[in-house]
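Colleague: show me how the following folds:
(2 chains)
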Amino acid sequence: DAGITQSPRYKITETGRQVTLMCHQTWSHSYMFWYRQDLGHGLRLIYYSAAADITDKGEVPDGYVVSRSKTENFPLTLESATRSQTSVYFCASSENSRDYGYTFGSGTRLTVV
Amino acid sequence: AQKVTQAQTEISVVEKEDVTLDCVYETRDTTYYLFWYKQPPSGELVFLIRRNSFDEQNEISGRYSWNFQKSTSSFNFTITASQVVDSAVYFCALSEASAAGNKLTFGGGTRVLVKP
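Modeller: Residues are numbered from 1 along each chain as shown, chains lettered A, B, ... in the order given. Coordinates of the predicted model:
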C-alpha cells in the first residue's frame, strides 16, 4: 500500500539491548524525520534526512543512530536502550516544498524495561 | 531558533460548547509555515491545516476555524459546537523556510476533553 509505514507497532525491550525501528515510505519524498513523543514535551525531533546518505541531528539525538541508504527507508537504531527512551516514536516524510506538508506514520510504542 | 508555545495543557468542555486553542510562535524568518495536527486516542497524527506566512486570511472548515495574526505571532484554532469525537490532543507546529532539512517544530500540545 502507498504511504508511510512504521514497524513494529509495539516493542518491549530490555535495558542495554539494541533495537531498530523501521520506517518505509512509498512516495520517494526527499525528507524524512524521526520524532519522539513524551508527555509534557510534545513531539521532539531526533534525526532528519534531506536525501539518501544525508542525515543530521535534531533536538534530541543522543543514544540514537540513523541511516538512509535508500530514499524510501529511514531506520532508527537505539544502540543500547535505556528506560528514558521509552516513548512513542513517529516517522514522517515530506517533499521538497513545505507547501505539500508532512505525512506521519502510525507510530511505534517502545517500552524499555 | 524557532519555538512554538501552546500554553493550555488541557481544556475540558461540555458538548456543544466552543473551544479555542492558543498557539504562539517565535521565528526570525519572514517565510514560514504553520500547521495544526490532531491526535485522537488511537494515536495517529491527523493533518488539519497548513498556512504560510503570507496568507493571513482566516479559514473555516466546517466546525473548525483558524485565526492567524502575524502581529501577535499567533495561530489560534477554534472548534465550534464541540462534539465528543473532538476529544484529542491538538498540536500546533512551525516550519521555517530557512530551517535545514524542512524541520517541523511542535508545541507541547493541548488535550481537549469534550464531555457529553
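
Colleague: pLDDT score assigned to the residue positioned nearest the centre of chain A?
Modeller: Taking C-alpha atoms, centre = their mean, the centroid of chain A lies closest to A:Trp34, which sits 3.0 Å from it. For A:Trp34, the pLDDT comes out at 97.

Colleague: any idea which helix or strand carries it?
Modeller: strand A:31-38 (DSSP states H and E).

Colleague: and that strand, what does it pack against?
Modeller: On a contact count with 3 or more C-beta pairs under 8 Å, 6 or more residues apart in numbering or on different chains; DSSP states H and E, strand A:31-38 meets strand A:19-25, strand A:42-51, strand A:87-94. For every residue, glycine as well, the C-beta is placed using N, CA and C.

Colleague: let's have these in CSV, adding mean pLDDT, mean neighbour count and distance to chain B.
Modeller: Formatted as CSV, those follow (pLDDT from 0 to 100; neighbours: other C-beta atoms under 10 Å in any protein chain shown; distance: least, C-beta to the nearest C-beta, whole Å):
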stretch, mean pLDDT, mean neighbour count, distance to chain B
strand A:19-25, 97, 19, 14
strand A:42-51, 93, 21, 4
strand A:87-94, 95, 24, 5
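
Colleague: out of those strands, nearest to B:Ile11?
Modeller: Comparing the helices and strands packed on strand A:31-38 against B:Ile11 with C-beta to C-beta, the closest turns out to be strand A:42-51 (15.8 Å).

Colleague: show me what the closest one is packed against.
Modeller: Strand A:42-51 sits against strand A:31-38, strand A:54-57, strand A:64-66, strand B:105-106, with contacts defined as 3+ C-beta pairs under 8 Å, 6+ apart.

Colleague: pLDDT averaged over the third one - what is it?
Modeller: What that stands for is strand A:64-66. Mean pLDDT, strand A:64-66: 97.

Colleague: the last one now?
Modeller: The average pLDDT within strand B:105-106 is 92.

Colleague: give me the sheet partners of it and which way each runs.
Modeller: Using DSSP bridges, the strands paired with strand B:105-106 are strand B:88-96 (antiparallel).

Colleague: what's next to the partner strand, contact-wise?
Modeller: Strand B:88-96 has contacts (C-beta atoms under 8 Å, 6 or more residues apart in numbering or on different chains) with A:42-43, A:98, B:2-4, B:6, B:21, B:23, B:25, B:27, B:29, B:31-41, B:45, B:48, B:75, B:77, B:102-107, B:109-112.

Colleague: distance between that strand and the chain's centre?
Modeller: Relative to its parent chain, strand B:88-96 has a centroid offset of 5 Å by C-alpha atoms, centre = their mean, to the nearest Å.

Colleague: least trustworthy helix or strand in chain B by mean pLDDT?
Modeller: The weakest-scoring helix or strand in chain B, judged by mean pLDDT, DSSP states H and E, is strand B:59-61 (a mean of 87).

Colleague: report whether it contacts chain A.
Modeller: No. Applying C-beta under 8 Å from any C-beta of the partner chain, one finds strand B:59-61 out of contact with chain A, separated by at least 14.7 Å.

Colleague: so what secondary structure elements neighbour that strand?
Modeller: Checked by 3+ C-beta pairs under 8 Å, 6+ apart, strand B:59-61 has strand B:46-52, strand B:64-69 packed alongside it.

Colleague: residues of the longest one that come out buried?
Modeller: Applying a neighbour-count criterion of 16 or more other C-beta atoms under 10 Å in any protein chain shown, one finds B:Leu48, B:Ile49, B:Arg50, B:Arg51 buried in strand B:46-52.

Colleague: many thanks, have a good one.
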